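Asks: sequence unavailable; structure follows:
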Ligand SMILES: [Mn+2]
């Protein structure tokens, strides 16, 4: 369990970035608002103080439509690790290095310094410098003292990107992570030029009709267990094809299941689409909890991770296998025999 971040970790992150002329910023596969918000804010901030910056996202991931307005110009999906020999690698919102994608080992080997900034309590501390605060609302929140230490001015553009990370990872300031610090940061970002209503419209009021249709399929596929305390649903390949969606289209759908009366845990299984070469990657799963069940513990049993109330993992089994796995793991934590 990560405790409150020591100031020395902030200083170490500031020192590592201050010493670097060139920084590659990367974030986790299937990025969310905090990942893209933090990455684009860090890119703008480090450029402001004269750093040469590149941004990387592994090629199979798409940026969710809701946060596609953030400035990801120049974001690279393929990178020659030899080109970043001697650079600093700043990894944001990424609980372990595998979530960087297939290049993670090569990127780490090329980089002179790896700076790991994250708020997942189970972060594997893969960096040379690890700035981890498991109590922080978002990676965006942890970045702000680093920006302050580097003398980066919070411009309206940076404020807006950080605010997107904050507002999405706190569930619009409703999750338990909505601390006084998170709310004070929101005020500071609004003062610095973040446009609350614009972000609301772009992030939360720009749902595409296909996504709404997909939500309909997810609701139809929902199976309740333990008197409705656990809900499990899935998105099949056919569902995604019908709405012409991709992995990013499923972002946030699970929150509708967690919001159901009486639910303690919700799981959403996303069946993967075969790659052009015919191979099928393991199905992916998102888990959400209201707090009674620690879903990061379940995710770690299948090489995943996350937060106690929001976690994810990949699994080699079929949708039915994975449903059985979730039901059994939730039973173990509810201390009840499997249904
Ligand atoms: Mn986050």
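Replies: Thanks, I have it. Here the structure is a predicted model, which means the values were calculated and not measured. Numbering: from 1, shown residues only.

Asks: who touches whichever residue of the stretch 151-300 of the chain sits closest to the ion in this structure?
Replies: The ion sits closest to residue 169 of the stretch 151-300 of the chain, with a gap of 4.6 Å, by CB to the ion. Any C-beta I mention is one placed from the backbone N, CA and C, and that applies to glycine too. Contact partners of residue 169, counting by CB atoms under 8 Å, 6 or more residues apart in numbering, are 32, 33, 34, 119, 137, 138, 139, 140, 175, 177.

Asks: from residue 190, how far off is it?
Replies: 17 Å (CB to CB, to the nearest Å).

Asks: interface residues of the stretch 151-300 of the chain facing the ion?
Replies: Within the stretch 151-300 of the chain, the positions adjacent to the ion are residue 169 by CB under 5 Å from the ion.

Asks: how about the helices in the stretch 151-300 of the chain?
Replies: For the stretch 151-300 of the chain, helices defined by DSSP state H, counting those that start in this stretch occupy the ranges 156-169, 180-191, 196-199, 209-220, 237-242, 253-258, 295-300.

Asks: wait, which of these is closest to residue 330?
Replies: Smallest distance to residue 330 across the helices of the stretch 151-300 of the chain (CB to CB): 7.3 Å, for helix 295-300.

Asks: give the buried residues for the closest one.
Replies: Residues 295, 296, 297, 298, 299, 300 are the ones in helix 295-300 that count as buried (16 or more other CB atoms under 10 Å).

Asks: and the stretch 1-150 of the chain, which residues reach the ion?
Replies: So the stretch 1-150 of the chain meets the ion at 34, 93, 139 (CB under 5 Å from the ion).

Asks: pLDDT score for residue 299?
Replies: pLDDT for residue 299: 96.

Asks: check whether it really touches residue 313, as I assumed.
Replies: Yes. Applying CB atoms under 8 Å, one finds residue 299 in contact with residue 313, separated by 4.2 Å.

Asks: tell me, what's touching these two both at once?
Replies: Counting by CB under 8 Å, 6+ apart, the residues touching both residue 299 and residue 313 are 285, 287, 305.

Asks: one step back: pLDDT and neighbour count for the contacts of residue 169 - can I get that in a markdown table?
Replies: Formatted as a markdown table, the contacts of residue 169 follow (pLDDT from 0 to 100; neighbours: other CB atoms under 10 Å):
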| residue | pLDDT | neighbour count |
| --- | --- | --- |
| 32 | 95 | 24 |
| 33 | 96 | 26 |
| 34 | 98 | 28 |
| 119 | 96 | 26 |
| 137 | 96 | 27 |
| 138 | 97 | 28 |
| 139 | 98 | 31 |
| 140 | 98 | 32 |
| 175 | 89 | 15 |
| 177 | 90 | 22 |
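
Asks: make CSV out of those residues and add secondary structure.
Replies: Shown next, in CSV, are the contacts of residue 169 (DSSP: H, G, I helix; E, B strand; the rest coil):
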residue, secondary structure
32, coil
33, helix
34, helix
119, coil
137, coil
138, coil
139, helix
140, helix
175, coil
177, coil
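
Asks: quick check, nearest of the residues you listed to residue 89?
Replies: Nearest member of the contacts of residue 169 to residue 89, counting by CB to CB, is residue 139, at 15.2 Å.
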